[in-house]
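K.L.:
sequence plus predicted model, see below.
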Amino acid sequence: MSKIISREIRLASRPKGLPSAANFTMAQTEIEPPHEGEVLVRNLFMSVDPYMRGRMNDRKSYVPPFEIGKPLEGGALGEIIESRAPNFKAGDAVVTGLGWREFFKAPAKALRAVNREVQPLSIYLGLLGTTGLTAWAGLQMLELKPGEIVFVSGAAGAVGSVAGQLAKLRGCHVVGSAGTEEKVRFLLNDCGFDSSFNYKTQPVGEALKHAAPEGLDFYFDNVGGETLQAALSAMKVHGRIIACGSISGYNDEKPMPGPSNLFNIVTKRLTIKGLLVLDWLSRWGDFEKEVSELYRAGRLKNRETVVEGLDRAVEAFIGLFDGLNVGKMIVKLPSS
Ligand code: NAP
């Protein structure tokens, strides 16, 4: 096969505050035919995720920063166009970390094969991907028990909607917060939450008192900030908190002040555990078995917000911080 021209999105400059289109640039690159042991892949879907914002800063974290002038990276689902690797053939669907581009070639070890018959295929970037694993892991870490009262923030998003549904399936009473009335209805009507509220139209502390007057056993924190502060006050004695994310502060130029009520940790003997999905990759088999069975049985809902075209990937990414997604934010790339 001759060389392929592929478009890719590169980081042009490091954002200050909320990223804008000016921080990114579209570029073209030539992809050489694959060598022995390599495959050529066309991306069909790519993931945009809040953690990518941290990688746009020039600061070492648990993953290295994106480099200026280089293509961005992230989860992607593609199909093999040409294979020179023994375990893959043209037409196979694969997950990689090489999103934000149309085509690429890679060694076979950079690919994870997935079942093409499962639809939508983009589910491997959400419910059956690292997003689903994050939600599942958060509930494993602090041993959720039936009957417990669970609060999930960012509940209508990718991780939150799966965490809340799994907590319901474990027999818990689940309360969720989200930023629009449409999302509040989605949590009640589609995800089976017992209660949900719009954190933009009412104080979180009051909403929690109303939804769970006896207090919270478990808080799955996706947003940090004022919601974490309100949850700390609403926890029961011996309550547990999973610190999964803190999106309310990802665009802050100065770190936000911590909650003023941390002393609740002492008086209520709370447990707070940080979660990093990368630590859970060795449990992929257990996660996949449970969650894919629940999905096939129709007991877990998969919701996606799909934005079409690589040209709109930056818009989709920035949209995460404006709450434009219900469920997993996915960018669909043309398939031919
Ligand atoms: P997501 O929830 O699908 O998308 C982001 C959502 O965050 C938006 O839809 C928006 O919903 C909400 N949001 C945006 N700005 C906010 C603000 N200032 N305050 C409160 N909510 C805000 O994203 P996700 O991929 O599922 O990630 C959710 C969280 O989990 C993030 O904090 C992410 O970093 C974290 N995470 C952690 C790990 C890990 O390994 N620890 C792995 C994956 C994700 P509303 O309309 O409701 O505001």
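P.N.:
Great, that's in hand.
K.L.:
give the contact list for Trp136.
P.N.:
Val162, Leu166, Phe287, Glu290, Val291 (C-beta atoms under 8 Å, 6 or more residues apart in numbering). Bear in mind the C-beta positions are built from the backbone N, C-alpha and C, glycine included.
K.L.:
go on, Ala106?
P.N.:
Contacts of Ala106 by C-beta under 8 Å, 6+ apart are Glu38, Val39, Val41, Thr96, Leu98.
K.L.:
which residues does the first one bridge with?
P.N.:
Applying DSSP bridges to Glu38 gives these bridge partners: Pro107.
K.L.:
follow-up on the earlier one: among the contacts of Ala106, which one sits closest to Ile272?
P.N.:
The shortest gap between Ile272 and any of the contacts of Ala106 belongs to Thr96, at 33.5 Å (C-beta to C-beta).
K.L.:
okay, now the closest one: neighbour count?
P.N.:
Residues within reach of Thr96, counting by other C-beta atoms under 10 Å, total 20.
K.L.:
just checking, it touches Lys109?
P.N.:
No - using C-beta atoms under 8 Å as the test, Thr96 is too far from Lys109 to be in contact (10.6 Å).
K.L.:
re earlier: out of the contacts of Ala106, who's nearest the ligand?
P.N.:
Distances from the ligand to those, taken as C-beta to the nearest ligand atom, are shortest for Thr96 (17.5 Å).
K.L.:
next, the residue nearest the centre of the chain: secondary structure please.
P.N.:
Residue closest to the average C-alpha location in the chain (C-alpha atoms, centre = their mean): Thr131, at 4.4 Å. Of the three states, Thr131 takes helix according to DSSP: H, G, I helix; E, B strand; the rest coil.
K.L.:
ok, now which ones touch it?
P.N.:
When contacts are counted by C-beta under 8 Å, 6+ apart, Thr131 touches Ser47, Asp49, Leu125, Ala158, Val159, Val162, Lys328.
K.L.:
pLDDT value on the second one, please?
P.N.:
What that stands for is Asp49. Listed pLDDT for Asp49 reads 98.
K.L.:
report how many residues lie close to it.
P.N.:
The criterion is other C-beta under 10 Å. On that basis, Asp49 has 20 neighbouring residues.
K.L.:
quick one, phi/psi of Leu77?
P.N.:
phi -120, psi 120 (degrees, to the nearest 10).
K.L.:
measure Arg185 to the ligand for me?
P.N.:
As judged by C-beta to the nearest ligand atom, to the nearest Å, Arg185 and the ligand stand 13 Å apart.
K.L.:
got a list of what the closest residue to Glu73 other than its chain neighbours touches?
P.N.:
With C-beta to C-beta, 6 or more residues apart in numbering as the criterion, Glu73 has its nearest non-adjacent residue at 5.5 Å, and that residue is Gly97. Counting by C-beta under 8 Å, 6+ apart, Gly97 makes contact with Glu73, Gly74, Gly75, Ala76, Ala110.
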